[in-house]
Each structure stands twice: as C-alpha cells, then as structure tokens.
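**Student:** attaching a predicted model along with its sequence, questions to come.
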Amino acid sequence: MKATVDLAKTLERQPVRSSWWASPLRYLEKEWFLGYALIAPAGVLILGLVAYPFLVALSFAVSDKIVGKAGHFVGLQNFIALLQWPVFIHTVLNSFIFTFYALLLKVGLGMALALLMQHIVRGKNFFRGAVLLPFIVPTALSTVAWWKMLDPQYNIFNWIGVHLGLFTQGPNWLGDPFWAKVSVILVNAWRGTPFFAISILAGLVAIPQDLYDAAKVDGAGAISRFRHVTLPLIKPILSVVMLFSIIFTFADFDIVYVLTRGGPTNSTHLFATLAYQTGLASSKLGEGAAIALFLFPVLVVTVIVQLHFIRKGTDE
C-alpha cells in the first residue's frame, strides 16, 4: 500500500509532456484568438476573390492596357474619355432606368404575390415551391427561353395579340430600342419577383394575428390594416430585399447579354455588358475596367443611403 502511494506522488511530481500540437491548441481556449481563427477562412476568400481582383481592375483602369500588350500609366484619362463618350452616358441612364422600373415591378408583384400566398390554405407548400422556379432556374437558361418567345418571327405574344384582335402586327420586341428595353425589364422583373414574394411572405407570417384583430375592432378596413399594420412591420425586410435587388440589378449581365447583346444600336447596354464588350470583346482592358469601376461609387452610395433608412426604421 505504501509503495502504491509513493508511486502516485512520484507521478504527480513529473510534468506531463504534451505533444507538438497541444501547445497551439491552447490558444483556442482564448476567445479573441478563437474569433480570429474562425473568420480567417472568410477573410482569405475575400482577399483572394474580392480585394485582389478589385486592385487588378483598378490598375487596369488607370492604364492603357490591352490584351497581349503591357499597359502604361495614364491616370484618369480612361474615365475622362468615358464621360465624353455618348454610348457610356446612355448606358448610365439605361442602368438607372432599368433598375428603377425593374425594382418597381418586383416590389409591386412580389407584394401582391406574397399577400395572395398568405391566404392560400390548400396546397400552399406546392404553390410556394412553384413560385420559386423562375428564381431557381439558371439565369442564362431561362433567358434563352425568353429569347425564343420574343423572337420576331415566332413571337408567342404577338401571335396571341393578333388572334385576340388586339393589333394586326405586334411590336419587334428585341429589334426596336424601346421594346428591347421593355423586354429586358420584364424578364428581370419576372426572375426577381419570387425572391421578393418569398421574403415578404416570411415577414407577413411573422406578424401576430392579434394586431389585425385589434385593428378590426377599431374599425380599420383592409387598406387601413395594410397601411398601418402590415407595411410598417415588413418595412425592415422590404428594405433589405430592395437593397440586394438594387445591387444585383445594377450589376446584371446575363439577361441583357443573352437577349440583346446590348443592342439594338447600344440601346440596352448596362455597366456590365458595356464593360464586357469594351474590355474583352474589343480587347481594351483599361477602358473596360474603367467602365466597371464607374459602377462602384454608385453602389456604395446606394448601400449607404439604404442602410441609413434601414437603421432609421429600426430605431423608430
């Protein structure tokens, strides 16, 4: 018994040798180190996939870089030249018009669709899943389908309009500058409406029914309940969804490129499509990067203003 006790005391005196990896793992017990360790992979991805390409684009934008040749520093010459280019000025106007009307349609249709789905009892899961189909299908694939439907020779909308007696000959949806703009706006709204509808629906189902019952007792009608109960409570969700939609719509590329390639006569170009045509198709990397970077301050200002309204609505 005494020998056993002496052996135990001897083992207690001897320090336990840790393996080579045990010492670094001790830092994981510290909250500050654990926090940095967890965000490190995301930081590496942001640096590699966002920061580095942005710096490369910035270096191209201040040079006369073209494909296959080294560029020389030209300062702000590319940006000054763009401000004197009528096609670029028209592209800037197109981007704002495209974003405004597409966002208007997506908010209106998304709100109506969300209110409709809220009152569906039978098969609600099926309808909610079906609504997401335009948003789930790859953009290029769904846009090709729209391109076929808007074909000037086999246009299904013109065929329906002619047979219903609405007109004798339908418009050239992709060949006329005005109708081409209408087409890309409608397709963008068709694709983005499900995102608005599902997001708004998530906010609607979270509103307590007691608030509607209290409003009914006070004599509020359907419009008054929507204005004073529904709209204020879904405003934070709607603001965030609009923020994401503005960013994605401003930077849209697939829909315009597949439908019109920026035509006819450069009438439907957005920042992304004009940057692609100038920088890659025409091999002028410097000018293309300058076009793409013109979008950056616009989005920064948009995000700051939108976040201000979101915080203001939350504080209220």
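**Tutor:** Here it is on my side, so go on. Numbering: from 1, shown residues only.
**Student:** break down the stretch 51-200 of the chain into its helices, ranges please.
**Tutor:** In the stretch 51-200 of the chain, the segments counted as helices under DSSP state H, counting those that start in this stretch are 52-61, 77-83, 86-118, 124-131, 133-136, 139-149, 156-163, 177-205.
**Student:** which residues does the first one contact?
**Tutor:** Translated: helix 52-61. 71, 78-79, 285-286, 288-290, 292-293 (CB atoms under 8 Å, 6 or more residues apart in numbering). Any C-beta I mention is one placed from the backbone N, CA and C, and that applies to glycine too.
**Student:** let's see 7 Å
**Tutor:** 78, 285-286, 289-290, 292-293 (CB atoms under 7 Å, 6 or more residues apart in numbering).
**Student:** stretch 188-206: how far from the chain's middle?
**Tutor:** Centre-to-centre, stretch 188-206 and its host chain are 13 Å apart (CA atoms, centre = their mean, to the nearest Å).
**Student:** nearest residue to residue 243 in space, please, no chain neighbours.
**Tutor:** Spatial nearest neighbour of residue 243, excluding adjacent residues (CB to CB, 6 or more residues apart in numbering): residue 306 at 4.4 Å.
**Student:** show the average pLDDT along the helix or strand harbouring that neighbour.
**Tutor:** Using DSSP states H and E, residue 306 sits in helix 285-315. Averaged across helix 285-315, pLDDT comes to 81.
**Student:** mind listing what's buried along it?
**Tutor:** The neighbour-count check on helix 285-315 (16 or more other CB atoms under 10 Å) flags 285-295, 298, 302, 306, 310 as buried.
**Student:** cool, and stretch 136-152?
**Tutor:** Per 16+ other CB under 10 Å, stretch 136-152 contains these buried residues: 139, 142-143, 146-147, 150.
**Student:** what sits up against it?
**Tutor:** Taking contacts as CB under 7 Å, 6+ apart, the residues outside stretch 136-152 that touch it are 134, 155-156, 172-175, 183, 187, 191, 254-255, 258-259.
**Student:** which one of these has the most neighbours?
**Tutor:** Counting neighbours by other CB atoms under 10 Å, residue 255 leads the contacts of stretch 136-152 with 28 neighbours.
**Student:** dump the strand or helix carrying that one to CSV, keeping only the CA atoms.
**Tutor:** Counting by DSSP H and E, the element that carries residue 255 is helix 254-259. What follows is helix 254-259, C-alpha atoms only, in CSV (Å, rounded to 0.1, in the frame of the first residue of the first chain):
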residue,chain,number,x,y,z
ASP,A,254,-26.9,37.6,-68.2
ILE,A,255,-30.3,38.8,-69.1
VAL,A,256,-29.2,41.8,-71.3
TYR,A,257,-26.4,39.9,-72.9
VAL,A,258,-28.5,36.8,-73.8
LEU,A,259,-31.5,38.8,-75.1
